[in-house]
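Asks: 3D model of this:
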Amino acid sequence: MLSGSTPSRPSGRRVATRQSATGPAATRQTVRRPESAEARIRRIQAANAPQKKKKPAILNMAIMALVVPALFCTVALPAYAFQDQQDDSAAGAELQALKESGAQTVAVGDDVVAAAVKRDSYKVTSAAEMRRVALATTYRAWKGPSVADFLKNPPYPSFNLDKVVKVAKKYNGIPYRYGGDNPSGFDCSGFTQYVYAQFGISLPHSSSRQGQGAGGGAVISPKDALPGDLVVMDGGGHIGIYLGGNRMIDAGTPRTGVSIRDIYNPNHWFVRYGI
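Replies: Numbering: from 1, shown residues only. A predicted model of the protein is given here:
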């Protein structure tokens, strides 16, 4: 090392400084030393190495996606609102001008009569009423033989109590209908009348009169009663056909229709026709 020289910081290349011996002030001169082969290789490799690209920050992009539209809305909305307010003011002024000019005034003549308002009306129909109407329609539409038809030409001209029971059971399940005397609907005396008419026996359409034996019947004692005889209950208010063993078939109520059941009234009596 030369006299008066100072060491420099290490670098890729080694440099040395030399101080001139001439002149009142020392003059430094930089002398570059030759670069070693090893250092040169490292420098070239560093220069040729591919630069690593930074991956995009997903979080930053998401924040920007939210912030930018928000900033846009913050700036844009007041302008639109101001424009709407101006439009509303203009529309209001135009509407006021139309009112003052009479553009919305309609003249109605004295001969014009307002139409009368009529309220729609409706009626509630119960399920029972609907059933009654349906039965009445079916009753009127009945095309089968009537009591009068049977009396003119009875299908069973020879009266037989056992046969009466068999014919009566054919109508088990027929609906009840007040005043009914055919298979579209029976009441109690209409049922017994229709069954007995098939044997050529005419019964009045009345439970009390049938219970009295009107038309050729006779009241008999309970010990003499047989299946096929008439059984009368409720003081003559109800009647059915006796089946034996405290059982009968009758057109009881709208709920039961024609059904087989027990004789419910102990104060009953029997009437026999066809003797």
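
Asks: contacting residues for S202?
Replies: By C-beta atoms under 8 Å, 6 or more residues apart in numbering, the contact set of S202 is 151, 196, 215. For glycine as for every other residue, the C-beta is placed from the backbone atoms N, C-alpha and C.

Asks: can you do 10 Å?
Replies: 147-148, 150-151, 193, 196, 215-216, 273 (C-beta atoms under 10 Å, 6 or more residues apart in numbering).

Asks: same thing with Y273?
Replies: 159, 161, 164, 192, 196, 199, 201-203, 210, 213, 215-218, 228-230 are the contacts of Y273 under C-beta under 10 Å, 6+ apart.

Asks: Can you show me the strands along the protein?
Replies: In the chain, the segments counted as strands under DSSP state E are 15-19, 28-32, 181-182, 185-186, 218-220, 230-233, 238-244, 247-251, 258-262, 269-272.

Asks: Quick one: residues in contact with the fifth one.
Replies: Outside strand 218-220, the residues that touch it by C-beta under 10 Å, 6+ apart are 211-213, 226, 229-230, 232, 269-273, 275.

Asks: Buried residues, it. List them.
Replies: I220 (16 or more other C-beta atoms under 10 Å).

Asks: start at 33 instead
Replies: Sure thing, new numbering starts at 33, so read that last one as strand 250-252.

Asks: what pairs with that strand, and is each one parallel or antiparallel?
Replies: Strands adjacent to strand 250-252 in the sheet, as given by DSSP bridges, are strand 301-304 (antiparallel).

Asks: again, but for the longest one
Replies: Using DSSP bridges, strand 270-276 pairs in its sheet with strand 262-265 (antiparallel), strand 279-283 (antiparallel).

Asks: Need the mean per-residue confidence for the shortest one.
Replies: Taken as a whole, strand 262-265 carries a mean pLDDT of 98.

Asks: cool, the longest one as well?
Replies: Mean per-residue pLDDT for strand 279-283: 98.

Asks: what is the orientation angle of that strand with strand 290-294?
Replies: Going by axes from the mean of the first three to the mean of the last three C-alpha atoms, to 10 degrees, strand 279-283 is angled at 150 degrees with respect to strand 290-294.

Asks: Please save the CA atoms from strand 279-283 in PDB.
Replies: Listed next in PDB are the C-alpha coordinates belonging to strand 279-283 (Å, rounded to 0.1, in the frame of the first residue of the first chain):
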ATOM      1  CA  ARG A 279    -135.400 -55.200  15.400                       C
ATOM      2  CA  MET A 280    -137.000 -53.200  12.600                       C
ATOM      3  CA  ILE A 281    -136.200 -51.500   9.300                       C
ATOM      4  CA  ASP A 282    -137.500 -47.900   8.900                       C
ATOM      5  CA  ALA A 283    -136.900 -44.500   7.300                       C
END
